[in-house]
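>>> Sharing a model prediction with you, sequence too.
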Amino acid sequence: MRFQDVAKLSTRMFKTNPARTWLTILGMGVGTAAVVTLVGLGFGLQNIILEQIVGGDTLLSLNINNPPARAVILNPQTVQEFYEIPHVKDVAPMASFAALISYDGLTGNTFLQGASPAYFRYTGAKAVTGRLFDEKTATEDRGNVIISKGMLKLFEVDDPASAIGKQVSFRVFVQREGSKDPIETELKKRYTIVGISNEESQPNAIILLDELTSQLQVTEFERAQVRVEASEWLDGVTTSIIERGFGVTALSKTVEQANKIFQGIQAVLAVFGGIALVVSAIGMFNTMTVTLLERTGEIGIMRTLGASSRDIQVLFISEAVIVGFLGGVVGISIGVGIGFALNTMVNVAASNFGGKSVSLFAYPLSFILFIATFSAVVGFLTGVFPARRAAALNPLDAIRYK
């Protein structure tokens, strides 16, 4: 049987029984839509959690901390030694001092930190408003400062944008050798706020490390970010640093564990959606069985005119695959439509209450293509048994069937 004949006969159902055919497709679509919607929710939640921290530099960076026992400490010498570890591309230390900050006539406690522009890329820090330090503007940034969102809460500032351009001054508490009490040192100039970081848990302010070391003697660092050349060297560099006595955490490991958790969540959601898909598949199987009974006489005539058992089998399976695939397309349209509508509602509510817009539902192209293919496979599976029964019919018995 020619391909065009198979295509014409397997789509004839849209003319002979349009209502039943489209209801069967809609039934498959509802089951598929349940899978698409629930798994899309899983992808959306995963993106919301990880989109702020996933980046090339961030995932290839190691966070180095001083050990609790302080048998070793991060200082300019040990930081320089990190460069000697094979496959270490860059090291970005961060110094921190307790300080008092004066902002808009108010004074509060803070942590004054010094870091290079690369430090922000390696930690995955984001600016709520304004900008972070950058290598291109390093010279002009010597007079600028970035404060955290937690710092604004301390001063009861509700609008972060209102703080941009204002100036602050610092009095820093420096621990001198041989002295138990810290010495208060006032920095020589005022700094202009150019950005608000997304750090909410701690009130801190960050200036360039070069600017900080020009006014204060930095003998140790609070932490450092080590940038590795490639992901395959992360474990080796981590082992080398741990052997030196420092604590190491890798965001890539956290992301990896988070992805595993979300994969489990998506699997559970897919199971719930799959229940609806199974029910739809049973309905489709019932439709194909009824179609077989209705067309028994037609099958007998086709067989007597020269159609082989294989031709009959291909005809029924083609019809089932078409219905399954179209059911998948309808289900994808319904599921994506539901996700788009809910995303719009959530974002409208978020904008009205001053929140941030998010995509609660996400549909990767690979997932959409998988669902479309899977729907066709489900159609194929539901059509195999009726197709075999149709192919096995005796032509004479089929003609006499009423």
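Structure received.

>>> any idea how far G105 is from N66?
36 Å (Cβ to Cβ, to the nearest Å). Just so you know, the C-beta spots here come from the backbone N, C-alpha and C atoms, and that holds for glycine as well.

>>> more crowded one of these two?
Legend: neighbour count by other Cβ atoms under 10 Å for G105 and N66, higher for N66 (20 against 6).

>>> what's the more buried one in contact with, if anything?
V72, I73, L74, E220, E222, R223, F246, G247 (Cβ atoms under 8 Å, 6 or more residues apart in numbering).

>>> Surely the second one and V218 touch.
Right, the one you point to is I73. No - with contact defined as Cβ atoms under 8 Å, I73 and V218 do not form a contacting pair (12.0 Å).

>>> Compare those two and say which is more crowded by neighbours.
Neighbour totals were compared for I73 and V218, and V218 leads with 17 against 14 (other Cβ under 10 Å).

>>> gap between I196 and I164?
From I196 to I164 the distance is 7 Å (Cβ to Cβ).

>>> Tell me the residues that contact both of these two, please.
With Cβ under 8 Å, 6+ apart, I196 and I164 have common neighbours T129, G130.

>>> Report the secondary structure state of the closest residue to P117 other than its chain neighbours.
The spatially closest residue to P117, leaving aside those adjacent along the chain, is F133, at 4.2 Å (Cβ to Cβ, 6 or more residues apart in numbering). Following DSSP: H, G, I helix; E, B strand; the rest coil, the label given to F133 is coil.

>>> Please tell me how far F133 sits from L212.
Between F133 and L212 the distance is 12 Å, computed by Cβ to Cβ.

>>> circling back: out of I196 and I164, which sits in the more crowded spot?
Using other Cβ under 10 Å, the more surrounded residue of I196 and I164 is I196, with 24 against 15.

>>> phi, psi of that one?
phi -120, psi 120 (degrees, to the nearest 10).

>>> Need the pLDDT of it.
In this model, I196 is scored at 93, pLDDT.

>>> what does M94 give?
pLDDT, read off for M94, is 94.

>>> If it is in a bridge, with which residues?
A115, R223 (DSSP bridges).

>>> One more: Q167?
Beta-bridge partners of Q167, counted by DSSP bridges, are T192.

>>> That one and A98, how far apart?
Distance of Q167 to A98, computed by Cβ to Cβ: 21 Å.

>>> wait, doesn't P203 sit right on G150?
Yes - in this structure, P203 is within contact of G150 by Cβ under 8 Å, at 4.6 Å.

>>> out of those two, which sits in the more crowded spot?
Between P203 and G150, P203 has the larger neighbour count (other Cβ under 10 Å), namely 20 against 16.

>>> show me the contacts for that one.
G108, N109, T110, F111, S148, G150, M151, K153, L154.

>>> These into CSV, with extra columns for pLDDT, secondary structure and distance to T287?
Conversion of those to CSV gives the following (pLDDT from 0 to 100; DSSP: H, G, I helix; E, B strand; the rest coil; distance: Cβ to Cβ, whole Å):
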residue, pLDDT, secondary structure, distance to T287
G108, 91, strand, 71
N109, 92, strand, 72
T110, 93, strand, 70
F111, 93, strand, 68
S148, 92, strand, 61
G150, 89, helix, 61
M151, 90, helix, 65
K153, 88, helix, 61
L154, 86, helix, 66
